[in-house]
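[1] Model the following, please.
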Amino acid sequence: MIELLLQAEGALSVGLLDRAEALYRQVIAADPHNSIAVVGLARVTLERSDEVGALTFARRALAIDPENNAAQRMVQRLEEVLRARGVSIGPAEAGPVGAASVERAADAEVGPPAPSQARWEPFGAEPERRSYLDRLLRRRPRSP
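    The predicted structure follows:
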């Protein structure tokens, strides 16, 4: 299981999103309560600019493991960003998390982010390989 997670992380770090997603889903198929793999799917979804879908996965990871720090930070930051954009995010879903619920979250229809805020431009020269999640979590709210 750890080898698959490491392979998925490696694939995600170099932008092989389809490969990373397949590996994370393979882990979830074997262990539906693996919150690390569900956070991985959230990160893949976020790299695809689907913030609402990423929030769904991150919330599911928290339902599995409330102590998962990565999921906690991701949920907090995504809720903050989506609220600032005026996106209705709804309450967190409760209930069991398994491969079927992860599939439903992936298949949910979600509209694209608002065109004016679809991309965040980094301040300064950040490496282009830095993930969208890393940039999102490092972004500071603007003062009014």
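
[2] which residues in this structure form helices?
    With DSSP state H as the criterion, the chain has helices at 2-13, 17-30, 35-47, 51-64, 69-84, 99-107, 132-138.

[3] Buried residues in the longest one, which are they?
    Taking 16 or more other C-beta atoms under 10 Å as the neighbour-count basis, helix 69-84 is seen to contain the buried residues 70-71, 74-75, 77-79, 81-82. The C-beta positions use only the backbone N, C-alpha and C, and glycine is treated the same way.

[4] Export those as TSV, with columns for distance to Y24 and pLDDT.
    Below are these laid out as TSV (distance: C-beta to C-beta, whole Å; pLDDT from 0 to 100):
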residue	distance to Y24	pLDDT
A70	13	94
A71	14	95
M74	14	95
V75	18	95
R77	20	94
L78	18	94
E79	22	93
V81	23	91
L82	23	92
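
[5] which of the helices of the chain has the lowest average pLDDT?
    The minimum mean pLDDT among these belongs to helix 99-107 (a mean of 48).

[6] related to what we said a few turns ago, with distance to V38 added, can I get the buried residues of helix 69-84 in CSV?
    Formatted as CSV, those follow (distance: C-beta to C-beta, whole Å):
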residue, distance to V38
A70, 10
A71, 8
M74, 11
V75, 12
R77, 17
L78, 14
E79, 17
V81, 20
L82, 19
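
[7] Pull the most distant pair out of those residues.
    Using C-beta to C-beta, these span at most 18.0 Å, a distance reached by A70 and L82.

[8] pull the CA atoms of stretch 68-81 into CSV?
    C-alpha atoms of stretch 68-81 as CSV (Å, rounded to 0.1, in the frame of the first residue of the first chain):
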residue,chain,number,x,y,z
ASN,A,68,-5.5,14.2,9.2
ASN,A,69,-3.7,17.5,9.2
ALA,A,70,-3.5,17.7,5.4
ALA,A,71,-7.2,17.2,5.0
GLN,A,72,-7.9,19.8,7.8
ARG,A,73,-5.8,22.5,6.1
MET,A,74,-7.2,21.7,2.7
VAL,A,75,-10.8,21.9,3.9
GLN,A,76,-10.2,25.1,5.8
ARG,A,77,-8.4,26.8,2.9
LEU,A,78,-10.8,25.7,0.2
GLU,A,79,-13.9,26.7,2.2
GLU,A,80,-12.3,30.1,2.7
VAL,A,81,-11.5,30.6,-1.0
